[in-house]
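Generate a structure from the sequence data that follows.
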Amino acid sequence: MLPGVFYALMAGFLAALASSSAKLSLGADYLKDVCETGLKIWTDGQENTDGVDTTACDWLHIPLRLLCGGLLFTCNAVMWTFFAKALRHSSSSARATVTTTASNFISSAFLGHVIFGETHATLWWVGIILTLTGLYVLHGSTSQATRENVDKKYD
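Numbers count the residues shown, from 1 in each chain. So this is what the prediction gives:
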């Protein structure tokens with residue numbers, strides 16, 4: 001059962017990472033801005049950086065977007081592999097699905113904050129807490145139903 005939980009947690013994290021990769025590859029000029037900021041920081045310690053030339057970022061963001069697109073497909077492929085393993089090692093498909101969903105929600109919030117600097121309103125957090133509570137109840141009820149089915153088999 002423990003390997004199933006690990007695989008489900010990893011599947012949720014990889015799904016969130018794939019979503020972040022999609023946002024980076026298809027979103028606004030976020031990668032170009034990061035490139036320009038990184039170039040300015042990198043040349044900060046050098047002399048004559050008043051007019052830092054950021055023309056390299058005009059073309060460099062394209063391969064970075066392609067790299068993020070490749071990361072999107074890779075994360076999705078590995079996520080489905082982990083989810084399939086979670087289904088195989090879990091006592092029920094509901095347990096694997098609920099754990100993956102919870103991991104995805106939490107990982108999405110974390111990656112959104114770290115990568116994009118997103119902040120979430122209190123109402124968003126209340127919604128996530130209600131959703132996770134519902135998933136926890138569902139998780140507990142599947143455990144109870146599984147135990148009852150096992151008890152009926154041996155009676």
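
Name the SS class of the residue lying closest to Asn76 once chain neighbours are set aside, please.
The shortest distance from Asn76 to any non-neighbouring residue, by C-beta to C-beta, 6 or more residues apart in numbering, is to Ala18 (4.9 Å). Backbone N, C-alpha and C define where each C-beta goes, glycine included. Following DSSP: H, G, I helix; E, B strand; the rest coil, Ala18 is assigned to helix.

And the pLDDT for Ala18?
Note on Ala18: pLDDT of 96.

Low-confidence ranges, the chain, go.
The model of the chain has pLDDT under 70 over residues 1, 28, 45-54, 142-155.

could you pull out the helices for it?
2-26, 30-42, 56-89, 93-116, 122-154 (DSSP state H).

Is it possible to get JSON lines of those helices that adds mean neighbour count?
JSON lines is the format used below for the helices of the chain (neighbours: other C-beta atoms under 10 Å):
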{"stretch": "helix 2-26", "mean neighbour count": "20"}
{"stretch": "helix 30-42", "mean neighbour count": "15"}
{"stretch": "helix 56-89", "mean neighbour count": "16"}
{"stretch": "helix 93-116", "mean neighbour count": "18"}
{"stretch": "helix 122-154", "mean neighbour count": "12"}
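
picking that back up, against Arg95, how distant is the residue nearest to Asn76?
22 Å (C-beta to C-beta, to the nearest Å).

next one: Pro63
From Pro63 to Arg95 the distance is 41 Å (C-beta to C-beta).

next one: Gly27
On the measure of C-beta to C-beta, Gly27 and Arg95 end up 34 Å apart.

can you tell me which residues contact Asp44?
Asp44 makes contact with no residue under the criterion C-beta atoms under 8 Å, 6 or more residues apart in numbering.

Send me stretch 99-119 as CSV with only the CA atoms.
Output in CSV follows, covering the C-alpha atoms of stretch 99-119 (Å, rounded to 0.1, in the frame of the first residue of the first chain):
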residue,chain,number,x,y,z
THR,A,99,-4.3,10.8,-3.6
THR,A,100,-3.2,11.9,-7.0
THR,A,101,-5.8,14.6,-7.1
ALA,A,102,-4.8,15.9,-3.7
SER,A,103,-1.1,15.9,-4.6
ASN,A,104,-1.9,17.7,-7.9
PHE,A,105,-3.8,20.5,-6.1
ILE,A,106,-1.1,21.1,-3.5
SER,A,107,1.7,20.8,-6.0
SER,A,108,0.0,23.2,-8.4
ALA,A,109,-0.3,25.8,-5.7
PHE,A,110,3.3,25.4,-4.6
LEU,A,111,4.7,25.5,-8.2
GLY,A,112,2.5,28.4,-9.1
HIS,A,113,3.9,30.4,-6.2
VAL,A,114,7.5,29.4,-6.7
ILE,A,115,7.7,29.7,-10.5
PHE,A,116,5.1,32.4,-11.3
GLY,A,117,4.9,34.3,-8.0
GLU,A,118,1.2,33.6,-7.9
THR,A,119,-0.8,34.4,-4.7
